[in-house]
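**Q** What would the 3D arrangement of this be:
(one chain, ligands or ions: 2)
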Amino acid sequence: MTFQEFNFKDTLNQAIDDAGFKEPSPVQADAIPLILEGHDLIGQAQTGTGKTAAFGLPVIQQMVGNKGVEALVIVPTRELAMQVSDELFRFGKTAGLKTATVYGGTPYNKQIERINQANIIVATPGRLQDLLQSKRVTINPNFVILDEADEMLDMGFLDEIKNIFTFLPAERQTLMFSATMPKQIKILAEQILNNPKSVTITKSERTNTDITQMFYVVADYERDDALLRLIDYKNPKKCIIFCRMKKEVDRLSSYMTAQGFKVAALHGDMEQKQREHTIRSFKQGLVEIFIATDVAARGLDVNDVSHVFNYHIPFDSESYVHRIGRTGRAGNKGEAITLVSPNELRTIKRIEKDVGTVMVSEVIPTRQEVQTRKDGDLLAKIADTKVTASGKDMVKTLQHDIDIVTIAQLLATIVQEEVDVKGKDIIGLGSEEVKALIERAKNFKGGDRNGGGRGRGRNRSRNRSGGGNRDRNGGGRSGSRDSRNGGGNRGSRNGGGNRDRG
Ligand code: ADP
Ligand code: MG
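**A** Numbers count the residues shown, from 1 in each chain. Ligands and ions are numbered 1, 2, ... in the order given. Sure thing, here's the model as predicted:
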């Protein structure tokens, strides 16, 4: 079906177009007509299925736009408030609708000012209750939406929510969305919804087919090695590693950092500011691996997470669904990879049954397999690379000093290191860089480089763009990396026997 079939007003169709949405997701296809008919609604669908637009579009369609706060969306966390309000702003701006975001920890006055100018507000329960109860703000929304209701329950917001509804007009359309429907949510629904219709995306639809799910059986002591090997092999663009406990998050963050990855930890008791900063770095690609607990990563919406790793299998199926829903977003493909010890196999079966999904059992790739895949990537990259005039010149220059096979090897090694980072066209180097290359080539010892140079090129390339000092053993690099790149660390990582067990 198409969005055309909903007969939205032109401004809204324009916004949908601008957002690049081609066709409604299943929850949108089911929910939008019901909401347009004016029904209250309970929508159940996992994260990443497009619930924001499922309520946002039909609500905006019905809004008049000149009567103060017409729509109120309540969400569990500040991040979600910002995400949802960004999304609604996109849909509403063509119709001139104003959106305000309301959450704790910021000054009241500005917030109140914004609310008074807004048509849509997106709020977390605590601050909203606060504003309503103190009568600093009075609103009469015709549309009230509870988003991620189960999460609000988990976070202990039930009382706040009930209280908030005492300040809202009885005459309203109420919509409730939740990934799961625990009993208390059903009871809440009976209290706040009027004759609701329900939309449930069934299990098979619920499992996002864009996510390939697999598990690897490992002994407990092999988890770190297995994780490294898999990251080497899968070569994720951005990934999230889930742990059960904060302690594990901290330990693994230090460990992965020591391995040369750009890592950030995300856990529940981080300062909000720090949290937002961390998430921003991840979105911008400054951090390539997020290590997180379940709670910390709930609702996290980063479109290009290519892989989710479960360092340990989560305790319950709901967490599993939430975790893997961080990948395969917005039509992208994703992989969800779970490490299990043999005695956790039963948990896999249980989750598969609960979620209505299949996880494929895989075997940790051998080091040889990792290398073969990398070589394959490299060959493909070389085949794709256009040779530029300066590239030819560069090879000519290099040929004065070194033989062509070595040049090729060198370039191959460098390209390999660059591939993941930004697909930089290595052939387009400037003359300074060519000189540096020649220096490197002169000191080049074939076997040594191949052994050590491959694994983790990421840091090096980053150093490069930063400082420009590309002499491998030269000075000028910052502390911790120095020892990694310069010394035997890398070599020993690739060469050591530890990782070979798979
Ligand atoms: P949920 O609330 O179910 O977790 P979101 O509403 O956050 O999901 O949507 C997830 C992502 O999918 C967002 O980036 C959103 O812009 C995108 N999206 C939603 N609906 C569509 C659609 N019909 N076509 C393409 N992308 C969509
Ligand atoms: Mg949502």
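
**Q** burial of the residue in the stretch 201-350 of the chain that ligand 1 sits nearest to, as a residue count?
**A** Checking the stretch 201-350 of the chain residue by residue against ligand 1 with C-beta to the nearest ligand atom singles out residue 330 as nearest, at 4.2 Å. C-beta here means a position set from N, CA and C on the backbone, and glycine is covered the same way. Each residue near residue 330 was counted by other C-beta atoms under 10 Å, and the total is 13.

**Q** Surely it touches residue 302?
**A** No: checked against C-beta atoms under 8 Å, the pair residue 330 and residue 302 is beyond contact range at 9.9 Å.

**Q** any low-confidence regions in the stretch 251-400 of the chain?
**A** Across the stretch 251-400 of the chain, the stretches falling below the confidence threshold (pLDDT under 70) are 299, 385-390.

**Q** Can you name the residues of it sitting close to ligand 1?
**A** Remark: the part of the stretch 251-400 of the chain in contact with ligand 1 comprises 301, 303, 329, 330, 331, using C-beta under 6 Å from any ligand atom.

**Q** any idea which of those is closest to residue 369?
**A** When those are compared for distance to residue 369 (C-beta to C-beta), residue 329 wins out at 28.6 Å.

**Q** tell me the phi and psi of the closest one?
**A** With angles defined as degrees, to the nearest 10, residue 329 shows backbone torsions of phi -90, psi 150.

**Q** Return the residues in contact with it.
**A** With contact taken as C-beta atoms under 8 Å, 6 or more residues apart in numbering, residue 329 is in contact with 48, 301, 302, 303, 305.

**Q** shouldn't the first one be in contact with residue 331?
**A** No: judged on C-beta under 8 Å, residue 48 makes no contact with residue 331 at a distance of 10.0 Å.

**Q** Counting neighbours, go ahead and name the busier of these two.
**A** The residue with the greater number of neighbours, taking residue 48 and residue 331 and applying other C-beta under 10 Å, is residue 48; the counts read 24 against 11.

**Q** So the more buried one, which state does it fall into?
**A** Reducing the assignment to helix, strand or coil with DSSP: H, G, I helix; E, B strand; the rest coil, the entry for residue 48 is coil.

**Q** gap between it and residue 273?
**A** Taking C-beta to C-beta, to the nearest Å as the criterion, residue 48 is separated from residue 273 by 26 Å.

**Q** swap in residue 373?
**A** If you go by C-beta to C-beta, the gap between residue 373 and residue 273 works out to 40 Å.

**Q** Between those two, tell me which one has more neighbours.
**A** Neighbours around residue 373 and residue 273, counted as other C-beta under 10 Å, are more numerous at residue 373. The numbers are 15 against 9.

**Q** How about the residue nearest in space to the middle of the chain: what's its closest non-neighbour residue?
**A** Among the residues of the chain, the smallest C-alpha distance to the mean C-alpha position (C-alpha atoms, centre = their mean) belongs to residue 302, namely 3.4 Å. If you skip the residues right next to it in sequence, residue 302 has residue 283 as its closest partner in space, 5.5 Å away by C-beta to C-beta, 6 or more residues apart in numbering.

**Q** Could you check how many residues crowd around the one you found?
**A** Other residues near residue 283 number 16, with proximity taken as other C-beta under 10 Å.

**Q** Buried ones in the strand or helix carrying it, by neighbour count?
**A** The secondary structure element spanning residue 283 is helix 272-284 (assigned by DSSP states H and E). Neighbour-count burial for helix 272-284 flags 275, 278, 279, 282, 283 (criterion: 16 or more other C-beta atoms under 10 Å).

**Q** Quick check: bridge partners of the closest residue to the first one other than its chain neighbours?
**A** Nearest residue to residue 275, sequence neighbours excluded (C-beta to C-beta, 6+ apart): residue 266, at 6.9 Å. Taking DSSP bridges, one finds residue 292 as the beta-bridge partners of residue 266.

**Q** who touches residue 266 in this structure?
**A** Contacts for residue 266 were tallied using C-beta under 8 Å, 6+ apart; they are 249, 275, 278, 279, 290, 291, 292, 293, 296, 297.

**Q** Residue most distant from the centroid, this structure?
**A** Relative to the chain centroid, the chain (C-alpha atoms, centre = their mean) has residue 400 farthest, 47.8 Å.

**Q** picking that back up, pretty sure the residue nearest to the centre of the chain contacts residue 282?
**A** Yes: with contact defined as C-beta under 8 Å, residue 302 reaches residue 282; the gap is 6.1 Å.

**Q** which residues are common contacts for the two?
**A** Applying C-beta under 8 Å, 6+ apart, one finds that residue 302 and residue 282 are jointly contacted by residue 238.

**Q** Number of residues surrounding residue 403?
**A** The number of residues packed near residue 403 is 11, by other C-beta under 10 Å.

**Q** Quick check: residues of the stretch 51-200 of the chain near ligand 1?
**A** Of all the residues in the stretch 51-200 of the chain, those in contact range of ligand 1 (C-beta under 6 Å from any ligand atom) are 51, 52, 53, 87.

**Q** Isn't the last one up against residue 54?
**A** No: counting by C-beta under 8 Å, no contact exists between residue 87 and residue 54, whose distance comes to 11.0 Å.

**Q** Next up, phi/psi of residue 304, please.
**A** Backbone geometry at residue 304, expressed as degrees, to the nearest 10, gives phi -110, psi 40.

**Q** so what's it up against?
**A** In this structure, residue 304 makes contact with 237, 238, 332, judged by C-beta under 8 Å, 6+ apart.

**Q** Of those residues, which is the most crowded?
**A** Sorting these by how many neighbours each has (other C-beta under 10 Å) puts residue 238 first, at 19 neighbours.

**Q** For residue 303, see how far away it is.
**A** As judged by C-beta to C-beta, residue 238 and residue 303 stand 9 Å apart.

**Q** Where does pLDDT dip in the chain?
**A** 202-209, 299, 385-390, 412-502.

**Q** Could you list the domains of it?
**A** By the assignment in automatic domain parsing, the chain contains the domains 3-201, 211-364, 370-442.

**Q** Count the residues that sit near residue 196.
**A** For residue 196, the number of neighbouring residues by other C-beta under 10 Å comes to 18.

**Q** Could you do residue 396 as well?
**A** Close neighbours of residue 396, defined as other C-beta under 10 Å, add up to 9.

**Q** For it, give me the backbone phi and psi.
**A** According to degrees, to the nearest 10, the main-chain angles of residue 396 amount to phi -60, psi -50.

**Q** Would you mind measuring from it to residue 404?
**A** If you measure residue 396 against residue 404 using C-beta to C-beta, the figure is 11 Å.

**Q** go on, residue 275?
**A** Distance, residue 275 to residue 404, by C-beta to C-beta: 52 Å.

**Q** residue boundaries of the helices in the stretch 151-300 of the chain?
**A** With DSSP state H, counting those that start in this stretch as the criterion, the stretch 151-300 of the chain has helices at 158-165, 183-192, 203-206, 223-234, 246-258, 272-284, 294-297.

**Q** If you compare the directions of the fourth one and helix 246-258, what angle comes out?
**A** Inter-element angle recorded for helix 223-234 and helix 246-258: 50 degrees (by axes from the mean of the first three to the mean of the last three C-alpha atoms, to 10 degrees).

**Q** and the closest residue to residue 334 other than its chain neighbours, what is it in contact with?
**A** Spatial nearest neighbour of residue 334, chain neighbours left out: residue 327 (2.9 Å); criterion: C-beta to C-beta, 6+ apart. Applying C-beta under 8 Å, 6+ apart, one finds that residue 327 lies in contact with 211, 240, 305, 306, 307, 308, 334, 335, 336.

**Q** Near residue 5, how many other residues are there?
**A** The criterion is other C-beta under 10 Å. On that basis, residue 5 has 12 neighbouring residues.

**Q** any idea whether it is helix, strand or coil?
**A** When the rule is three-state DSSP, residue 5 gets the label helix.
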